[in-house]
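S.K.: pasting the sequence and the predicted model now:
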Amino acid sequence: MGNLAQIFLQQCNDEVAIRTADDSLTYAELNQKVRQISTELSALQCQRVAFIAKNSIGWIALDLALFDHGITSLPLPTFFSDEQIFHSLNQASIDLIIFEEAYLDKFLTQSKIAHVGSTHTLKCLPNLYYLKLKPESQNALPQGTQKITFTSGSTASPKGVCLSAEHQLKVASSLVAAVNVESPVHFSFMPFSTLLENIAGIYASFMCGGCVYLSDTVNDLLFSPKSSDRTQLPALLMTLFQELHQVQPNTTILVPQLLKLLLQAVHQGMALPTSFSFVAVGGGKVSADLLNQARQLNLPVYQGYGLSECGSVVALNASLQDPIDSVGKILPHCEVSIVDGEIVVRNSTNLGYVGDPNSWTALSDPVYTGDIGELKDGYLYISGRKKNTLVLSNGRNVNPEWVESELEKFPFVVRALVLGEAKPYLSAALEIVDVGIPVEHLQQQLLSINEHLPIYAQVKQFTYLSKQQWQPYLTYNGRINRISFTQNNESLIDALYNESVTELT
């Protein structure tokens, strides 16, 4: 692969590359750490390495060492279920797994994949263990596969997307040019195992001599058991905002629900630092209302669009003059066209899926995204998912994301799922903030959205699910697995169309 330092770490030796509240590494120190890990991995004679751990300096160093050494890597999300973890390991024919102490029991006694020998700690990263594996099969990979990223976790058997090193660097380079922030301090909110944060957060920051900041508060706020305790939320947010002011970050990446949480905190009196130059938001449809709220608070929030099959980002807004309802201009390495209403991407194609030789493609082959959209004046607009389109019993087609974004404008609505396939009207399942709002008030508020929607897109019924009830159907970024939800809640959905249920008119 060549010396990664020549790509990421040039002319930055004495500058800080990674920082936490109590530790840091300069580019020179990071480069040395990467070389040490690479040497240790060479001695282990592994070909395909998976690793699972929370965000840390060690995570970044290990990822770069695998990249630099040309070893195929599989970063596993910590939010994956056991079934998804073992499916991914077997599917990718992983021969070495690296993990934190919390996973010792899982891989030694509960593992659904055979291991060879016992666990050892890495000399260069003593907080991480490794275990050699003996996968059930030896699935071939497309030539040039450096990284495998399994799709968002919306199914029990996610698909492994194979990416080349060159493709990842091409996307990162395009992002550096589009964002145009020199030597940024990047505040990481997203798990590093998500391709968006891996490429846009880490690689792109390093390419322009930036510093990646890791926050333990973010881990508590989003990924620890504390995150489900609403009584702790105000204190966690206060600590987070204090940390943001201390760090003075220039860039960050958010999912829509996290942006909404931060804006609600601002409306309650907390203040964000004025140091931000670029806040990217993606991973789901973002309402123009939410973006407008951010702009009114002088927060430079820009919507983007991408998918794993295209190496993450495809389009990005980068100017306050860009249309707020678009997902931005196409990045320079991509070509995008619209075929029968569907967004098709060229020149930013994955190598194929693990274990599926029929999918192995040339980089010039198109990716049919399954997203419905259009190009206007050089900007890309998304109207929904092709496969999510609801066909009502009256023959009308409705993209549910459109109506869901309207429902989620209400501050008490955490998430919304619009239903109605083959039904006479739309209904919605909601998660709401428990603030003692009377049902009658909720009904009136929700009915108000119908004033702005055509009759066929109006919501006539709704039901509530608790945070715990939603959890089995959510991916890491809050997206809802629609198929799983509808398959497992048939009686609930039928009740929404029962005459005994009061209809919203």
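M.R.: Good, I have the coordinates.
S.K.: for the helix or strand containing Leu89, packing partners?
M.R.: Per DSSP states H and E: Leu89 is located in helix 82-91. Applying 3 or more Cβ pairs under 8 Å, 6 or more residues apart in numbering; DSSP states H and E, we find helix 82-91 packed against strand 48-52. From N, CA and C alone the C-beta is placed, and that goes for glycine too.
S.K.: so which residues make contact with the helix or strand just after the strand it packs on?
M.R.: Next helix or strand after strand 48-52 toward the C-terminus (DSSP H and E): helix 57-69. For helix 57-69, the surrounding residues in contact (Cβ atoms under 8 Å, 6 or more residues apart in numbering) are 1-5, 8, 18, 20, 23, 25, 30, 33-35, 37-38, 41-42, 49, 51, 53, 72-73, 75, 98, 124-125, 127-128, 146-147, 165, 168, 192, 198, 202, 212, 214.
S.K.: longest helix anywhere in the protein?
M.R.: helix 27-44 (DSSP state H).
S.K.: angle of that helix against helix 57-69?
M.R.: 70 degrees (axes from the mean of the first three to the mean of the last three Cα atoms, to 10 degrees).
S.K.: buried sites along helix 27-44?
M.R.: 27, 29-31, 33-38, 41 (16 or more other Cβ atoms under 10 Å).
S.K.: wait, which of those is closest to Gly311?
M.R.: Of all those, Val34 has the smallest distance to Gly311: 21.7 Å, by Cβ to Cβ.
S.K.: buried ones among the contacts of helix 57-69?
M.R.: By 16+ other Cβ under 10 Å, these give 4-5, 8, 18, 25, 30, 33-35, 37-38, 41, 49, 51, 53, 72-73, 75, 98, 124-125, 128, 146-147, 165, 168, 192, 198, 202, 212, 214 as buried.
S.K.: chain center to the lengthiest strand in the chain: distance?
M.R.: When the chain is parsed with DSSP state E, its longest strand is strand 367-376. Distance, stretch centre to chain centre, for strand 367-376: 19 Å (Cα atoms, centre = their mean, to the nearest Å).
S.K.: packing partners of that strand?
M.R.: Looks like strand 367-376 contacts strand 301-307, strand 335-339, strand 342-346, strand 379-385 (3+ Cβ pairs under 8 Å, 6+ apart).
S.K.: ok, now with 7 Å
M.R.: strand 335-339, strand 342-346, strand 379-385 (3 or more Cβ pairs under 7 Å, 6 or more residues apart in numbering; DSSP states H and E).
S.K.: output those in a markdown table; the columns should cover mean pLDDT and mean neighbour count.
M.R.: Shown next, in a markdown table, are the helices and strands packed on strand 367-376 (pLDDT from 0 to 100; neighbours: other Cβ atoms under 10 Å):
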| stretch | mean pLDDT | mean neighbour count |
| --- | --- | --- |
| strand 335-339 | 96 | 14 |
| strand 342-346 | 95 | 19 |
| strand 379-385 | 88 | 19 |
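S.K.: could you dump those to JSON lines with distance to Gln445?
M.R.: JSON lines is the format used below for those (distance: least, Cβ to Cβ, whole Å):
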{"stretch": "strand 335-339", "distance to Gln445": "36"}
{"stretch": "strand 342-346", "distance to Gln445": "34"}
{"stretch": "strand 379-385", "distance to Gln445": "24"}
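S.K.: for the ones you listed, which one sits closest to Ser275?
M.R.: Short answer: strand 379-385, nearest of the helices and strands packed on strand 367-376 by Cβ to Cβ, at 27.8 Å.
S.K.: give me the contact list for that closest one.
M.R.: 285, 305, 315, 322-323, 325-330, 336, 370-374, 399, 401-402 (Cβ atoms under 7 Å, 6 or more residues apart in numbering).
S.K.: show the subsequent helix or strand relative to that strand.
M.R.: strand 390-391.
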